[in-house]
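[1] My questions concern the predicted model and sequence given below.
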2 protein chains.
Amino acid sequence: MVGDTREAIREVALELFSTRGFDQTSLREIAERVGLTKASLYYHYPSKQELLTAIVAPLIEGWRTAAAEAESLAHSPENARVVLGRVLDVMLRNRSLAGIFLRDPAGVVSAAGTLWQEMLDMGTRLTTWLAGPDPTTADRLRAIAAMEVLGAALTSVTYLKEEVAEDELRAVLLDSATAALGLAEPS
Amino acid sequence: MVGDTREAIREVALELFSTRGFDQTSLREIAERVGLTKASLYYHYPSKQELLTAIVAPLIEGWRTAAAEAESLAHSPENARVVLGRVLDVMLRNRSLAGIFLRDPAGVVSAAGTLWQEMLDMGTRLTTWLAGPDPTTADRLRAIAAMEVLGAALTSVTYLKEEVAEDELRAVLLDSATAALGLAEPS
DNA sequence: GTCTATAAGAGGATAGAC
DNA sequence: GTCTATCCTCTTATAGAC
C-alpha cells in the first residue's frame, strides 16, 4: 500500500510542470517535495524528458483518439459540434496536464520535440477536418479559431475568480466554439 | 549609419525570444548573432530581464491603450466589435512580439512577474468590459473565448502553410470572435 | 531503492584591460 | 564600446556505497 513511488513522482512533477512550467521546474525541487533525493528520481526515470513523456502520454492519447474519431465522421454541422465536444472533453479531463503545454510550450518543444510535433500534427488533423472539404482560407481560419476557444477551458481559470461548474464550462464553450466556427447555435 | 547596436540587440533578441522562447535563449546566443560578446551586451542592457522589458514595452503599451479605449465606451454590440477589432490590431501590429508570450509564458512570468501581472490585468479589464454590465458566468466565459479567438492571429501561422493576407486574417477573425462572444455577425 | 558525493557544463553577471 | 577572463550558482546526470 506504499502507493508507488513512481506515481508520487509523476503527481508532484505534474503539479509543478503545469504551474511553474517544465523548464522552471528542477528535479531537485521535485525530489524535495516527494521526499527523495535527485539521484533516486533517476532510479525511476532515466531523464527529465522521459518523466515529461510519461506524464503527458494520456493527453496525447486522448487527442489522438479525438482526431481519429473525427476523421471517421462525415463532415456536417452536427458532426462538427460533436467533434468540438470530444476535443473539449479531452481538455477538461486533463486540465492540469494540458496546462503544461499552455504554460511552457517552448520548454516542451526543446525537451521533447517529437512529442510536440505529434501534438501539432493532431491539431492540424483536427482543424483540417473542421474546416470541411474544399475549404477556403476563411474556413480554415475559423476552424483554428474554434479550437482556440476550447483553450479557454484552461485559461478561464486565470481570469475568473469563482469556480465554474464543469457542465456549464462545457456547455458555454461548446456553443461559443460552434459559433466561432461559423455554425448557427442550437436554440 | 552604424544602426545603433542597442537596436540590433533588440532585433536579434526578439527573433530568438519569439521562436525559441525567452528561457531557451541564452545571452551567449544573442551576442553571437549580433557579433558581440556577452560582456558587451551587458554594457547596453544591465540584465536579461531588462532586455525583455525593453523589447516588450510597445506591446504592453498597445494593450494598455486598447483597454483604456474600451473602458471609455458604453457597452453595446457595435462597440464590442470595435473593441475586439482594436485588440486584434494590436496583435497583428506586434505579431512576433506577442509570440513571446505565446511561446514561453512561464519564462516571462518567472523573469518579469510584474510585466506579466500587468498583462493579466489588462486581459481582465478587457474581458470584463466585453462581458458587459451585470454579466452571467456564461457572459464572462464567452468574453474570454472571444479573446482566445484573437490569439489565432498568432497561432494560425503554425497551422496554415500558405501566407494569409492581413486584411483577410483580420476580417475573418473579427467575425469569428464576434460570433464567439455571442453576437450576430453583420450580413 | 535510496543515499552521499561529484562530475561536467551552462547560465547570468562582473572586473578590469584596452 | 568592446574585449578577455573569471565568479558564482544552478542544472542535469552519474558513480558507487549501503
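    Yep, it's here.
[2] Hmm, A:Glu29 is touching A:Leu16, no?
    Yes. The criterion here is CB atoms under 8 Å, and A:Glu29 meets it with A:Leu16 at 6.4 Å. C-beta here means a position set from N, CA and C on the backbone, and glycine is covered the same way.
[3] Between the two, tell me which one has more neighbours.
    Ranked by neighbour count (other CB atoms under 10 Å in any protein chain shown), A:Glu29 and A:Leu16 place A:Leu16 first, with 18 against 15.
[4] and the next element down the chain from the strand or helix carrying that one?
    Taking DSSP states H and E as the criterion, A:Leu16 maps to helix A:5-20. With elements assigned by DSSP H and E, the helix or strand that comes after helix A:5-20 is helix A:27-34.
[5] hmm, that following helix touching DNA strand D?
    Yes. Interface with DNA strand D: helix A:27-34 contributes A:Leu27, A:Arg28, A:Glu29 (CB under 7 Å from any atom of the strand).
[6] Tell me if the helix or strand of chain A with the lowest mean pLDDT is near DNA strand D.
    The weakest-scoring helix or strand in chain A, judged by mean pLDDT, DSSP states H and E, is helix A:95-103 (a mean of 92). No. Residues of helix A:95-103 contacting DNA strand D under CB under 7 Å from any atom of the strand: none, with a closest distance of 14.4 Å.
[7] Now do the buried residues in that helix.
    Neighbour-count burial for helix A:95-103 flags A:Leu97, A:Ala98, A:Gly99, A:Ile100, A:Phe101, A:Leu102, A:Arg103 (criterion: 16 or more other CB atoms under 10 Å in any protein chain shown).
[8] Identify the residues contacting the second one.
    The contact partners of A:Ala98, taken as CB atoms under 8 Å, 6 or more residues apart in numbering or on different chains, are A:Leu59, A:Met91, A:Ala153, A:Leu154.
[9] how much space between it and chain B?
    A:Ala98 sits 14 Å away from chain B, going by CB to the nearest CB, to the nearest Å.
[10] One more: the last one?
    With distances taken as CB to the nearest CB, A:Arg103 is found 5 Å from chain B.
[11] Next: A:Glu61.
    Counting by CB to the nearest CB, the separation of A:Glu61 from chain B is 21 Å.
[12] A:Asp4 now?
    Distance from A:Asp4 to chain B, by CB to the nearest CB: 28 Å.
[13] what number of residues lie near that residue?
    Neighbours of A:Asp4 (other CB under 10 Å): 11.
[14] ditto for A:Leu169
    Neighbour tally, A:Leu169, other CB under 10 Å: 23.
[15] Which pLDDT does the model give it?
    pLDDT for A:Leu169: 98.
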